[in-house]
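Peer 1: Okay, structure incoming, though there's no sequence with it:
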């Protein structure tokens, strides 16, 4: 079965780095995703990584994957107030199904 | 163009009304999805269309009726809904190749009175 877990809340000071953690359980090769949801909006795809990769960087975002521990993290450098949102980790469970974590609410304080 | 559009943005309906939600994408994606999302929760999959055929129905009540008129459009017809059906309804699409990364629309916020 698939089960994705992530911490529910993160508070970070503006300008600092944020790290959001996620664990997944499916041991087969798969894609792992990070989505961002701002209040009242849909889900925005931030980045994704295939499970044969260790790291992926895209501007302020760095994704690290520890396949042995089934641990995924998203690091946001120089966190801004616009980064305040709910971040969902998701694992591709089958061709068309995603298994989502509960979402981490990130609050950026001045 | 990496955009999925949804109309309307907001919808208020009574329990005896019939209404429809619409979704459109022009990315050439051949899979389209409907999700239901309650506040502060992850989205829950409702339906998947692949190549305009219904592939997955996650045991959704028959008061929700999906339709895929063509490869760019997806509708969700609503009839005799209950107050507990109030939620954000999200549409998504994905390519048919490897990865099938899903791209979401902005959603329709539905309130059933």
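Peer 2: Noted; the coordinates are in hand. Every value quoted in this text rests on a predicted model; they were computed, and no experiment measured them.

Peer 1: In chain A, what residue comes closest to chain B?
Peer 2: residue A:100 (3.5 Å; C-beta to the nearest C-beta). Every residue, glycine included, has its C-beta placed from N, CA and C.

Peer 1: mind checking how far that residue is from residue A:80?
Peer 2: From residue A:100 across to residue A:80, the span is 25 Å (C-beta to C-beta, to the nearest Å).

Peer 1: And the two? Which one has more around it.
Peer 2: Between residue A:100 and residue A:80, counting by other C-beta atoms under 10 Å in any protein chain shown, residue A:100 is the more crowded of the two (23 against 11).

Peer 1: For that one, list each beta-bridge partner.
Peer 2: residue A:90 (DSSP bridges).

Peer 1: quick one: contacts for it?
Peer 2: By C-beta atoms under 8 Å, 6 or more residues apart in numbering or on different chains, residue A:100 lies in contact with A:4, A:88, A:89, A:90, B:42, B:43.

Peer 1: Test my guess that the fifth one contacts residue A:91.
Peer 2: No. Taking C-beta atoms under 8 Å as the definition, residue B:42 is not a contact partner of residue A:91, at 11.7 Å.

Peer 1: quick one, what contacts the residue nearest the centre of chain B?
Peer 2: Centroid-nearest residue in chain B, with C-alpha atoms, centre = their mean: residue B:34, separated by 3.0 Å. Listed by C-beta under 8 Å, 6+ apart, the contact partners of residue B:34 are B:23, B:45, B:46, B:47, B:64, B:66, B:74, B:76, B:89, B:90, B:91.

Peer 1: Turn those into JSON lines, including secondary structure.
Peer 2: Compiled in JSON lines, those are given as follows (DSSP: H, G, I helix; E, B strand; the rest coil):
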{"residue": "B:23", "secondary structure": "strand"}
{"residue": "B:45", "secondary structure": "strand"}
{"residue": "B:46", "secondary structure": "strand"}
{"residue": "B:47", "secondary structure": "strand"}
{"residue": "B:64", "secondary structure": "strand"}
{"residue": "B:66", "secondary structure": "strand"}
{"residue": "B:74", "secondary structure": "strand"}
{"residue": "B:76", "secondary structure": "strand"}
{"residue": "B:89", "secondary structure": "strand"}
{"residue": "B:90", "secondary structure": "strand"}
{"residue": "B:91", "secondary structure": "strand"}
